[in-house]
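**Student:** predicted model and sequence follow; I will ask about them next.
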Protein chains: 2
Amino acid sequence: MDLSKLADELRNFEGVTRKKEIKNVVNNFNFQEDYDFDIVVDFGDDAAIIGIDDENAVLLAADGIWGKLLEADPFWAGYCAVLVNANDIAAMGGKSIGMTNIIGIKDCDKGKDLLKGLKEGVSKFGIPVLGGHTHPDAQCNVLDISITGIVKRENVLRSDAAKTGDKIVFAYDLDGKIHEKFNLNWDTTSMKSKKYVRDQLKVLEIIGEEHLANACKDISNPGGLGTLGMLLEVSKKGAMVDVSKIPVPEDISLNHWLKMYPGSGFVFTAPENKTKELIEKLEFAGIESAVCGEVKNDKKFMITDGTEKTMFFDFDKEYICGC
Amino acid sequence: MDLSKLADELRNFEGVTRKKEIKNVVNNFNFQEDYDFDIVVDFGDDAAIIGIDDENAVLLAADGIWGKLLEADPFWAGYCAVLVNANDIAAMGGKSIGMTNIIGIKDCDKGKDLLKGLKEGVSKFGIPVLGGHTHPDAQCNVLDISITGIVKRENVLRSDAAKTGDKIVFAYDLDGKIHEKFNLNWDTTSMKSKKYVRDQLKVLEIIGEEHLANACKDISNPGGLGTLGMLLEVSKKGAMVDVSKIPVPEDISLNHWLKMYPGSGFVFTAPENKTKELIEKLEFAGIESAVCGEVKNDKKFMITDGTEKTMFFDFDKEYICGC
């Protein structure tokens, strides 16, 4: 394995480098006022966490789907809009309440396919669209979805809570296929039953309730290592990860796999004595999981293939999202 | 007054006619499953209402700002994105928890102005942006905001709860100015203090808590009568409204005024014995209010100038949004 090449490739992968923009945007929204609600986490996690009373917190997330994906396959774009938001709430240990959408339709045929895909996503994941706004006369085709969820405050799975010494667990549904039009999309849900995919989301709620992990993040555009990088960055930690231990589907190279956006993929950090139960729960839901490394107290994110080692991100000197 | 001309003009006003598209979109999202939460209202109100326990409901709304407004004055577009969402939650008697935004930036200067306006809106109304998504490489400039709020279930102000015999109260902050670039925007907030505009939102919470109205809706793009029309449509009622009683700023014609999107404008239906207290509360917050008509049991929305009468919408034969 050419470990340096892997590290270079992933560091310069657009899914990772695009996250740098977040810092500039987030700086605009620094909210310092006295407020009626307890803003536990705003940016930098899969969803914002707002305490509404002593016991409960509301989760807020938003994702925009468009550009290439929307032009090339509007049905799949509509479907994925639901998928990615459902995963954002699940990754917090939360239960989805509902979505709102904003649709801009320039091209009517694409608009119809987009709505069909959205409808299929709602039906598959069982999360309703409850409101929104439609622009029938848009300058470009746009689909933006926001989702609201709820979670018990004590059960929330945060990104920024990794602890030194935690084991790092990569968890992926490996039973899937590369999407025919987007070779970075690992589709594991379109061919499975409603019950199956909903149970995969539900298992994250159970992991939160049973306190089986200290930190968790949904693997998305930055891929497996990029997503872990963001988790480590907001946790102010480093790590050593043995990439040869990461679950990978047959016939896909590790370099490609680590850039893929999986239908159901999460990275956890958990105390060593919890990892057995954590992995059992995930694998019962069809999500293959393995301990692949450990959280370190310094801010160096190192990777190894079992023999060589290389620096992936040095958070003393650089950042992924800067949150 | 040429009452027929007024009715014709408003019926064919784009702010009203565009609402017809809602029906086609909403039909896609009919959600019939057993669900963990109690979906009290989805489409057709200022916000969706979802019961999360016996006592509390979450409110979800979304608005997209773009096209002409965003191109012509991105700062104002960013500011208004906060304003319209804040009003959506207020009109439900709710308290805003936070917003998520999705920003698409094609033109960098416009993007900066848009962010400045958004920041100004957050600072003015005191509602934080807690998450979102930014596309730095968009095909067009887009700003979509979603908002989540909370309300006691028993205090919620719905659109669909107007009762036969209710008095119709139009309520507007008349102290403002026509926006220099958009003659349908009645700006009443940019020149006022944070406390003043926040108190105007807060008064709607109090109206809900004190059960001073049966129905309420935020006056938005369809203008005063168009907004009341949507409220009557979802309530399955008709009305007789004396347009000469609607509060209007000096130097603005009634025909123009009834197409305007006000900074702080609401229409209520309330039992006769509550209207005095309702109007006092609103006027204490600087929102001029008047009884202008009555809710009727048929589905005919009639208007009068005190002498003549004409049909505005006959909901037995036609619809505005079809929800």
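**Tutor:** Happy to help now that I have it. Numbering: from 1, shown residues only, chains lettered A, B, ... in the order given.
**Student:** residues contacting the nearest residue to residue A:236 once chain neighbours are set aside?
**Tutor:** Leaving aside its sequence neighbours, residue A:236 sits nearest to residue A:299 (Cβ to Cβ, 6 or more residues apart in numbering or on different chains; 6.7 Å). Glycine gets a C-beta too; all of them are placed from N, C-alpha and C. For residue A:299, the contacting residues are A:232, A:236-238, A:314-316, taking Cβ atoms under 8 Å, 6 or more residues apart in numbering or on different chains as the criterion.
**Student:** domains of chain A?
**Tutor:** By the record's domain assignment, chain A is partitioned as A:3-17+A:157-314, A:37-154 (automatic domain parsing).
**Student:** what about stretch A:76-90, near chain B?
**Tutor:** No - applying Cβ under 8 Å from any Cβ of the partner chain, one finds stretch A:76-90 separated from chain B by no less than 9.2 Å.
**Student:** kindly export that stretch (C-alpha atoms) in PDB.
**Tutor:** Taking Å, rounded to 0.1, in the frame of the first residue of the first chain, the C-alpha atoms of stretch A:76-90 are listed here in PDB:
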ATOM      1  CA  TRP A  76     -31.800  10.200  -7.300                       C
ATOM      2  CA  ALA A  77     -31.100  13.800  -6.100                       C
ATOM      3  CA  GLY A  78     -34.600  14.000  -4.600                       C
ATOM      4  CA  TYR A  79     -34.200  10.600  -2.900                       C
ATOM      5  CA  CYS A  80     -30.700  11.400  -1.600                       C
ATOM      6  CA  ALA A  81     -32.000  14.700  -0.100                       C
ATOM      7  CA  VAL A  82     -34.100  12.600   2.300                       C
ATOM      8  CA  LEU A  83     -31.400  10.100   2.900                       C
ATOM      9  CA  VAL A  84     -28.700  12.500   3.900                       C
ATOM     10  CA  ASN A  85     -31.000  14.500   6.300                       C
ATOM     11  CA  ALA A  86     -32.300  11.200   7.800                       C
ATOM     12  CA  ASN A  87     -28.600  10.200   8.400                       C
ATOM     13  CA  ASP A  88     -27.800  13.600  10.000                       C
ATOM     14  CA  ILE A  89     -30.500  13.200  12.700                       C
ATOM     15  CA  ALA A  90     -29.700   9.500  13.200                       C
END
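**Student:** which element is residue A:207 on?
**Tutor:** Assigning secondary structure by DSSP states H and E places residue A:207 in helix A:194-209.
**Student:** quick one: mean pLDDT for that helix?
**Tutor:** Helix A:194-209 shows an average pLDDT of 98 in the prediction.
**Student:** circling back: closest one to residue B:227 among the domains of chain A?
**Tutor:** Nearest to residue B:227 among the domains of chain A is domain A:37-154; the distance by Cβ to Cβ comes to 15.5 Å.
**Student:** for that closest one, what is the distance to the chain centroid?
**Tutor:** A distance of 13 Å separates the centroid of the chain from that of domain A:37-154, by Cα atoms, centre = their mean, to the nearest Å.
**Student:** next, the distance between the ends of it.
**Tutor:** 17 Å (Cα to Cα, to the nearest Å).
**Student:** ok so, going back, which among the domains of chain A is found nearest to residue B:16?
**Tutor:** In this view, these are compared for proximity to residue B:16 by Cβ to Cβ, and domain A:37-154 is the closest at 14.3 Å.
**Student:** what residues are up against the closest residue to chain B within the stretch 151-300 of chain A?
**Tutor:** When you check the stretch 151-300 of chain A against chain B by Cβ to the nearest Cβ, the closest residue turns out to be residue A:194, at 9.4 Å. Residues counted as contacts of residue A:194 (Cβ under 8 Å, 6+ apart) are A:123-126.
**Student:** give me the buried subset of those.
**Tutor:** The neighbour count (16 or more other Cβ atoms under 10 Å in any protein chain shown) marks A:124-126 as buried among these.
**Student:** between those, which is closest to residue B:186?
**Tutor:** Ranked by distance to residue B:186 (Cβ to Cβ), the buried ones among the contacts of residue A:194 are led by residue A:125 at 41.3 Å.
**Student:** buried ones in the helix or strand bottoming out on mean pLDDT in chain A?
**Tutor:** Comparing helices and strands within chain A by mean pLDDT, DSSP states H and E singles out helix A:20-26 as the least confident, with a mean of 76. By neighbour count, with 16+ other Cβ under 10 Å as the criterion, the buried positions of helix A:20-26 are A:21-22, A:25-26.
**Student:** and what of stretch A:117-135?
**Tutor:** By 16+ other Cβ under 10 Å, the buried positions in stretch A:117-135 come out as A:117-122, A:124-135.
**Student:** repeat that for stretch A:6-16.
**Tutor:** Judged by neighbour count using 16+ other Cβ under 10 Å, the buried positions of stretch A:6-16 are A:6-7, A:10-11, A:13, A:15-16.
**Student:** just these that are near chain B?
**Tutor:** Judged by Cβ under 8 Å from any Cβ, the overlap between the buried residues of stretch A:6-16 and the neighbourhood of chain B is nil.
**Student:** any regions of chain A where pLDDT drops low?
**Tutor:** Per-residue confidence for chain A (pLDDT under 70) gives these ranges: A:66.
**Student:** ok, 80 please
**Tutor:** Regions of chain A meeting the criterion pLDDT under 80 cover residues A:21-28, A:64-68, A:105, A:133-140, A:323.
**Student:** residue with max distance from the center of it?
**Tutor:** Within chain A, residue A:137 marks the point farthest from the mean C-alpha position, 32.1 Å out by Cα atoms, centre = their mean.
**Student:** what sits against the residue lying closest to it once chain neighbours are set aside?
**Tutor:** Distance criterion Cβ to Cβ, 6+ apart; nearest residue to residue A:137, sequence neighbours excluded, is residue B:67 at 7.1 Å. Residue B:67 sits next to A:135, A:137-139 when contact means Cβ under 8 Å, 6+ apart.
**Student:** out of these, who's nearest chain B?
**Tutor:** Nearest to chain B, judged by Cβ to the nearest Cβ, of these is residue A:139 at 4.2 Å.
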